[in-house]
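1. Provided below for reference: sequence and predicted model.
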Amino acid sequence: MNTKRMLLIIILISLSFSAISKNKVIDFKLYKSLKSNEGLVVLVIDINFRISKISVGKEGKIFPVYSFKKLKPGTQMRIIKLKEGAYFWKEGIGRTGNTTYTFDIDKERTSFTVKAGKLNYPGTLQFRGWKEGDDVVFSHNMLNNSSIIAEELDKNYDEIIKKYSLIYSGLKPDPFLEFNDQLDNN
């Protein structure tokens, strides 16, 4: 293998790793100050199969506002900054062998609201996929894991959790986080 080809391969590998890292690392400088109409959002996905991409959409927008990419089985979390408003999990793209598939995500079951100046947790999007003959079948559900997420943030992201109140922003109300806040303030 010649030197130019080897150098090109090394550059491509390092670029792909840096792109993956940028999507996972939380840049705390970005979150030191939010604009008056922005909030932080804790996005969590739990999957049992590889997915190329899952996107978050915003009411009134055609294109996604954020996408998780190259997801492996397991639980992934991102903390991102979004403008206040109504959002929803939009769509996903996966691959099994040589087959690429697109799946819609139920907007009504996965919608959430971002409140400015808060750390918004809309719930964990749980995806399960399995093969039935030649078909790939999917199911998805929203789970409220507020206590687990609060513990994870407190343990690993205390700079953010100290600055912004964690609220549940999913469909059904969750008194746990408000109760927990009251305990912390007393």
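-> Noted; the coordinates are in hand. Keep in mind that this is a model prediction, so the values were computed, not measured. Numbering: from 1, shown residues only.

2. so residue 151 sits in a helix?
-> Yes. Under DSSP: H, G, I helix; E, B strand; the rest coil, residue 151 falls within a helix.

3. what is the neighbour count of it?
-> Number of residues near residue 151 (other Cβ atoms under 10 Å) recorded here: 11. C-beta: built from backbone N, CA, C; applies to glycine.

4. what about the closest residue to residue 154 other than its chain neighbours, how many residues nearby?
-> Nearest residue to residue 154, sequence neighbours excluded (Cβ to Cβ, 6 or more residues apart in numbering): residue 161, at 5.5 Å. Close neighbours of residue 161, defined as other Cβ under 10 Å, add up to 17.

5. show me what residue 79 bridges to in the sheet.
-> Beta-bridge pairing of residue 79, defined through DSSP bridges, involves residue 42.

6. pLDDT at residue 33, what is it?
-> pLDDT, residue 33: 75.

7. look up how far residue 91 lies from it.
-> 32 Å (Cβ to Cβ, to the nearest Å).

8. kindly report the same for residue 124.
-> From residue 124 over to residue 91 the distance is 18 Å, taken as Cβ to Cβ.

9. between those two, which one's more packed in?
-> The neighbour count for residue 124 versus residue 91, taken as other Cβ under 10 Å, is higher for residue 124 (21 against 16).

10. hmm, back to that, quick check: the residue nearest to residue 154 is in a helix.
-> Yes. Counting by three-state DSSP, residue 161 falls inside a helix.

11. list the contacts for it?
-> 119, 150, 153-154 (Cβ atoms under 8 Å, 6 or more residues apart in numbering).
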